[in-house]
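*Asks:* here is my input, please return the structure:
(2 chains)
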Amino acid sequence: MAEATSEQRVHARPLSPHLQIYRPQINMVMSIVHRITGAALYFGSLLLAWWLFAAATSPEYFAFVNGLFATWPGMIVLVGYTWALIHHMLGGLRHFVWDTGAGFDIGTVNLLSWATIVLSVLLTAALWVFIAAEKGWVMPWA
Amino acid sequence: MGDAMGMITPLKRVRGLGSAHEGADHFLRQRLTAAANLILIPFAVGLIATLAGADLATVKATLANPVVAIALIVMVLVSAVHMRIGMQVIIEDYVHAEGAKMLTLAANTFFSWAVAAVAIFAVLKLSFGG
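*Replies:* From the prediction side, this is the model:
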């Protein structure tokens, strides 16, 4: 039937408003961050596999990889990894709420979205305070 | 046209399957693996946080516990499925050229299962004391 002629193709079709048009809103930002953290965790899975692989290879190689993770850049990556994990998990919980058909009014959408970012930072901080205390790096409650 | 499923009308065959011809399978599998990971990931994070910086003997002794090793292996399997179909959605959203799409989708599957294979083998070896 109707093949698009070359004349029709030169006229750009109208597009719905996209990211460049909308003012950022918290639910939209959290949706994008959910996808970014998901992709980051995808490649971050290499870190866990690498650590396990090192442990299964030799004590020397395990010590080498542990040493890398214990450097400042290594620690920053690990903190980012745990934040991405926690953020993605909270985003998933938000989607579970929405999957039930609940929480679609603007107020609840904004609340859940803000809760995702705020709780992800608080829980990541709590996890690393716990790790730091357990390893004896700091004594936050001493 | 000769049709092996002669008694099923074309409408009946596609109803509820949508444009990907898979229905809600993908959606449900993403939720199911997410729900499993709500338990498995906190367990794994707690375990790894405890083992961070520990020597190899401690890691082996911890993974020698069957419950710990099994939970880790299930977490790896569930995560491999979750991340493979999650990345599939991203690829389908952004890669439109048919050839590039086929290649990246294949690479996605290879990557996900390769990471899982490495992690699972390592857990088994450590658990068995190797």
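
*Asks:* just the pLDDT for residue 11.
*Replies:* Because you didn't say which chain, this covers chain A. pLDDT for A:His11: 76.

*Asks:* sorry, should have said chain B
*Replies:* On the pLDDT scale, B:Leu11 gets 83.

*Asks:* mind checking how far the residue of chain B found nearest chain A is from B:Arg13?
*Replies:* Across chain B, the shortest distance to chain A (C-beta to the nearest C-beta) belongs to B:Ala122, at 3.6 Å. Where you see a C-beta, it was placed from the backbone N, CA and C, and this is true even at glycine. Distance, B:Ala122 to B:Arg13, by C-beta to C-beta, to the nearest Å: 44 Å.

*Asks:* now B:Val95
*Replies:* 29 Å.

*Asks:* so for the two, which residue has more residues nearby?
*Replies:* Between B:Val95 and B:Arg13, B:Val95 has the larger neighbour count (other C-beta atoms under 10 Å in any protein chain shown), namely 15 against 11.

*Asks:* ok, for the more buried one, nearest residue in space, not its chain neighbours?
*Replies:* Nearest non-adjacent residue to B:Val95, counting by C-beta to C-beta, 6 or more residues apart in numbering or on different chains: B:Lys101, 4.7 Å away.

*Asks:* now B:Met87
*Replies:* Closest to B:Met87 by C-beta to C-beta, 6+ apart is B:Asn108, at 4.9 Å.

*Asks:* flag every buried residue along whichever strand or helix holds B:Ala57.
*Replies:* Using DSSP states H and E, B:Ala57 maps to helix B:56-63. Within helix B:56-63, the residues scored as buried using 16 or more other C-beta atoms under 10 Å in any protein chain shown are B:56, B:59-60, B:62-63.

*Asks:* what sits against the residue nearest to B:Ala69 when sequence neighbours are not counted?
*Replies:* Distances taken as C-beta to C-beta, 6+ apart put B:Ser127 closest to B:Ala69, at 3.9 Å, once the chain neighbours are dropped. B:Ser127 is in contact with B:60, B:63-64, B:66, B:68-69, counting by C-beta atoms under 8 Å, 6 or more residues apart in numbering or on different chains.

*Asks:* okay, those residues in CSV with pLDDT next?
*Replies:* What follows is those, written out as CSV (pLDDT from 0 to 100):
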residue, pLDDT
B:Lys60, 96
B:Leu63, 97
B:Ala64, 97
B:Pro66, 97
B:Val68, 98
B:Ala69, 98
